[in-house]
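[1] A structural model of the following input is requested.
(chains A, B, C and D)
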Protein chains: 4
Amino acid sequence: MKSNLKNIAVLTSGGDAPGMNACIRAVIRTGIYHGCNMFGVTQGYQGLIDNNINPMDARSVSNILHMGGTILKTARCLAFKEDEGMEIAFKNLKAKEIHGLIVIGGDGTFTGAKRFGEKYGINVIAIPGTIDNDLYGSDFTLGYDTAVNTIIEAIDKIRDTADSHDRLFFIEVMGRDSGCIALRTAIASGAEAVLLPEKETSLKELISKLKSGANTKKSSSIVIVSEGNKYGGAYDIAKSVKRKFTHYDTKVTILGHLQRGGSPSGFDRILGSRLGYAAVNEMLKGETMQMVGLRGNEIKLTSLDEALNKHSYKLEADLLEMTHVLSI
Amino acid sequence: MKSNLKNIAVLTSGGDAPGMNACIRAVIRTGIYHGCNMFGVTQGYQGLIDNNINPMDARSVSNILHMGGTILKTARCLAFKEDEGMEIAFKNLKAKEIHGLIVIGGDGTFTGAKRFGEKYGINVIAIPGTIDNDLYGSDFTLGYDTAVNTIIEAIDKIRDTADSHDRLFFIEVMGRDSGCIALRTAIASGAEAVLLPEKETSLKELISKLKSGANTKKSSSIVIVSEGNKYGGAYDIAKSVKRKFTHYDTKVTILGHLQRGGSPSGFDRILGSRLGYAAVNEMLKGETMQMVGLRGNEIKLTSLDEALNKHSYKLEADLLEMTHVLSI
Amino acid sequence: MKSNLKNIAVLTSGGDAPGMNACIRAVIRTGIYHGCNMFGVTQGYQGLIDNNINPMDARSVSNILHMGGTILKTARCLAFKEDEGMEIAFKNLKAKEIHGLIVIGGDGTFTGAKRFGEKYGINVIAIPGTIDNDLYGSDFTLGYDTAVNTIIEAIDKIRDTADSHDRLFFIEVMGRDSGCIALRTAIASGAEAVLLPEKETSLKELISKLKSGANTKKSSSIVIVSEGNKYGGAYDIAKSVKRKFTHYDTKVTILGHLQRGGSPSGFDRILGSRLGYAAVNEMLKGETMQMVGLRGNEIKLTSLDEALNKHSYKLEADLLEMTHVLSI
Amino acid sequence: MKSNLKNIAVLTSGGDAPGMNACIRAVIRTGIYHGCNMFGVTQGYQGLIDNNINPMDARSVSNILHMGGTILKTARCLAFKEDEGMEIAFKNLKAKEIHGLIVIGGDGTFTGAKRFGEKYGINVIAIPGTIDNDLYGSDFTLGYDTAVNTIIEAIDKIRDTADSHDRLFFIEVMGRDSGCIALRTAIASGAEAVLLPEKETSLKELISKLKSGANTKKSSSIVIVSEGNKYGGAYDIAKSVKRKFTHYDTKVTILGHLQRGGSPSGFDRILGSRLGYAAVNEMLKGETMQMVGLRGNEIKLTSLDEALNKHSYKLEADLLEMTHVLSI
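    Here you go, the predicted model:
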């Protein structure tokens, strides 16, 4: 073990994601297992500035593995973007002789961690935690799998009532810049169409697809709308479609924040545990300024530089084609 | 068995509700068990007019007990309110020698059934099926219990993320005229406050409750808003509160149609089975113009006259008081 | 408020049941609301003897409403059946000036509470908490509704695989002396037959039912076996049936302790909240040696004497008949 | 399109797995999209022999995406291992001019498909469908992810009651030859120990781990037992442990067949859809004797030869180490 890494802190930042607690538990216990003193920072970077940095033992993370949200809480923090805020954060860590920082979050979180680590020589390992699955260097981000399950369970329920009433539903899901959630949930729910931020779909094309379903006796239709699509949201697109296509009774559902919560899936619990475990082990081996990610079935490191530069989800062409073919 | 009840039809009408399929299964199989010919009407009263009335055997209702929605579909039907529409419906039943009609739905459904039964001498038994739990003569209506479970599972997820971010959520639930769902889900989710159609809550009082929670270290707060409350919906009330109370970050969720779907709870499957079973048995005993309902642990009859006249859910004073006391 | 009821303790005893935490929360907060000092006893009567009696404030029951199990833990306690144990328990309460005791559990729990209250003049209110639903004076006991939902979700999963393989499943559920759970889950899962502790079913009759299903093209069959039935458990009965009826591949599942856990249903959360709230209110009105229960939609008191003497679930004849009729 | 592939059949064989229906739907609709005539074989290879081979259109797979089990049913078939059985199967396909066969199942299924394809020149594409996740050439097999979720939901419930009673639970999960499910669910449920078919764990070591947990105030402990471990099952190992370690009350749960059923997770619905879609596309490109699998985020082909020879799950050393470290 590197001698200056006796004390390590962990924080969650940005939007919360299911599996963060499993990950915190893994970080704390792996550190303790290796003889480190572990600290939890409350409310992300704000907690660093507010000196909300508390020692955690093995029992402090009991019975959290299966819980949604994050016991360390999270917050967006403008002050940490300023030199002054960072300076205070550093002094607080220094006073506790904490030289290692593990951050769980998305690319905003990583940007802050990188700047902070470089400026003050703090060892930093980052863990991809966001439901959006839009980070480079990991096949999956923490929380994405649970969010997909939550969404399809909701859509399954809506399909029941859609079928009973011969309805057309527009369902808005999260993903302002990334259509990953929308595209995958469209396939998983058997949606008739999907509108994505990355790709224009003409209204004409959409209506033609819906008509063809109606003509071949589909008793209901579901369109998934990513919140960042060009038509401005599910209400707007529903209004436009309704004007030209009246076969079904048309309804809109905005799934909203329930997509962020819930007990993590097995996949996210295992992913969170593996990433937290690996983050501490890599840090103790001397790694810094790296993100731990899952590729195939292996944990791999990606430098924060690369992770941030190559950011952005690439729409999978075969999946997009599938949404069309499988809903005939 | 009354000799003219050899042939019986069943339909679902109004909004769909989980448990309707369990109920349809019970109606069909109980009838067949007693030697009747059973018919299913598709799309409620519209199906009577369109002659969408089909024989059903015991296997036609296999594997539907656990499904949400209604395999018979449902629709609102204006034509059945006209004499002409009713006349056609009657002729269609007459042609098939169907003298008994079992209807599953809410008070709109009952009103139509009563008029139809009286006018043409059709034997009618009604089954209370609506998630709103606002019918006289039954402690519970079919679908209400499942809707409550669906809503609290959604709110549990939202609570995860609310706690992680110190947020205040306004969550709008169904119940335009009846606060039963809102009041009960408020208790079941530990909500800090609830806004109901039956009762005015002053903005001042609401904000005072939220402030008191913030002062005693509640890390999040949840307000349930019934869609029929006087402030016009969750978005409006959230805006009004935000103007005067800024302790929490404020968010809104409209749960929408997912409240109507989903696999029925055990309670609704048993209720649907009992009501369907009783409906056929009572009809074969000669009863007509009655609603079957559950009171305590027993099935009881209420005349459609009484059910319709005494309609309306009475806000339970002790439950209302509890929402306040238990969320201190 | 009666002046000697400034201090009130609550405990859970016997088998745990979902909804106990919702009930504990209601007891603690209702007491605090009325100005009482509230105490939680850990591990039931054993905790009284071990002086494991701790003050609880409103925040000590935050975020437990939706959790299965009981934060106060529970245990069977032989020592409390002895005079010596009771004496110690009393001294511990007396030292803290606790004159009111609220117990949540089944009839074993009630028997202890009654003897203890009578002997030492402690005010006692009992709350029916057991998944077995076998107590007199309440239409439902706390935990029963959740257990039914848990069981039918498991059976729904088993039905998937049973149908895919044309199998016959024997599924053993809890209820050593009471067939309530078995009978109701049989209806809610569409089981082909049910074996109960209260009623003999001949092997011949059972096999005849299964044969008739096979002859009318049922692709799978499910038999619910109550753990207390006369044939000695699901494995034994499966073996006997297999010897004489080989149409299906036969499998056995013992659902076991997962029936006891899980987040409580909306019904149990509301029931637990109402019963806990009522228990404190009745105690403060001066009531003692009473059980609070739900009848119809109202909270009613039953004396512990009556509750204990009239104990035992009465098999509902119509439900039993329904298991036969609805699975044709 | 290859001209002799106008007609394609699909079957499921071996144990059923959640996601098979999503996969069948994808196969049927992708084939129809490309202008093929699609056939479904009922009951696996037995259906080939029994000529239970039926045309399927796009609507025949409506509303099955979210269902557990397989609408094509599955069965083990000894006759197909004989030359005579294979000959009949071939004649049945030939009579319908079916030259392409897509099989969904595990390695037993693949072995049959390979022999059949080689002998009669039938084009064969195999899809890995088994909850055991023990096939070479795909990071995940169809059904594994859902099974993990089902198991951890069950264990979460058991943890509730284990904590309330200070209990030690031995929970037996599926995986006769492969510890993948046991190892992963152990991590996902926070189990204190896991017993695998691939690795001996000494009783002494196990008890030492449990003692250490008891000493550091764990209120309950859970041991996952793979059905194929060397101690012969959860009951046996529980008995051996109980003899030497009595800190906790000890209980056993055999999860059994509920692990096979249930609505597939989002992951399995997407996986099933992708594999089914790819299977048809690859077949139409002229591929044969190949398995389609997921590696990283891409669909890859593995020859049936390689898939069968390299079969067997490799225990991940880091995951095994994690079960120990994370449960301190």
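[2] Going by C-alpha atoms from here, please, whenever you check contacts or count neighbours.
    OK.
[3] Strands along chain A, start to end?
    Secondary structure of chain A, counting by DSSP state E: strands at A:7-12, A:37-41, A:53-56, A:100-105, A:123-128, A:167-173, A:193-195, A:221-226, A:249-254, A:290-295, A:298-303.
[4] and residue D:166, which of those is closest to it?
    With C-alpha to C-alpha as the measure, strand A:53-56 is the member of these nearest residue D:166 (23.8 Å).
[5] And stretch A:183-199, end to end?
    Taking C-alpha to C-alpha, to the nearest Å, stretch A:183-199 runs 11 Å from one end to the other.
[6] longest helix of chain A?
    When chain A is parsed with DSSP state H, its longest helix is helix A:144-165.
[7] Can you list the low-confidence ranges for the stretch 1-150 of chain A?
    In the predicted model of the stretch 1-150 of chain A, residues A:1-3 satisfy pLDDT under 70.
[8] Can you give me the distance of the residue nearest to residue A:51 when sequence neighbours are not counted to chain C?
    Spatial nearest neighbour of residue A:51, excluding adjacent residues (C-alpha to C-alpha, 6 or more residues apart in numbering or on different chains): residue A:92 at 5.8 Å. Counting by C-alpha to the nearest C-alpha, to the nearest Å, the separation of residue A:92 from chain C is 30 Å.
[9] What of residue A:156?
    Going from residue A:156 to chain C by C-alpha to the nearest C-alpha gives 16 Å.
[10] And for residue A:103?
    Residue A:103 is 26 Å from chain C, by C-alpha to the nearest C-alpha.
[11] which ones are touching that residue?
    Residues near residue A:103 by C-alpha atoms under 8 Å, 6 or more residues apart in numbering or on different chains: A:10, A:11, A:12, A:13, A:109, A:110, A:113, A:124, A:125, A:126, A:127.
[12] between the residues you listed, which is nearest chain D?
    Within those, the smallest distance to chain D is 16.0 Å, found for residue A:10 (C-alpha to the nearest C-alpha).
[13] Run a quick neighbour tally on the closest one.
    Residues near residue A:10, counting by other C-alpha atoms under 10 Å in any protein chain shown, number 26.
[14] List the beta-bridge partners for it.
    residue A:40, residue A:102 (DSSP bridges).
[15] so what's it up against?
    A:24, A:27, A:38, A:39, A:40, A:41, A:101, A:102, A:103, A:104.
[16] Spatially, which two of these are the most separated?
    Longest span within the contacts of residue A:10, C-alpha to C-alpha: A:38 and A:104, 15.3 Å.
[17] Tell me which of those two has more neighbours.
    Remark: of residue A:38 and residue A:104, residue A:104 carries more neighbours, 31 against 24, as counted by other C-alpha under 10 Å.
[18] Give me the distance between that one and chain C.
    Counting by C-alpha to the nearest C-alpha, the gap from residue A:104 to chain C is 24 Å.
[19] residues contacting that residue?
    Residue A:104 neighbours (C-alpha under 8 Å, 6+ apart): A:10, A:11, A:12, A:13, A:20, A:126, A:127, A:128, A:129.
[20] about what we covered before: does chain D sit close to the longest helix of chain A?
    Yes: legend: contact between helix A:144-165 and chain D by C-alpha under 8 Å from any C-alpha of the partner chain is shown at A:145, A:148, A:149, A:152, A:156.
[21] What residues does the second one make contact with?
    Meaning residue A:148. A:181, A:184, A:185, D:266 are the contacts of residue A:148 under C-alpha under 8 Å, 6+ apart.
[22] Closest to chain C out of the contacts of residue A:10?
    Proximity of the contacts of residue A:10 to chain C was ranked by C-alpha to the nearest C-alpha; the top entry is residue A:24 with 19.7 Å.
[23] thinking again about what came up before, buried members of the residues of helix A:144-165 next to chain D into ChimeraX, please.
    In ChimeraX, this line selects whichever of the residues of helix A:144-165 next to chain D come out buried by 16 or more other C-alpha atoms under 10 Å in any protein chain shown:
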select /A:145,148,149,152,156
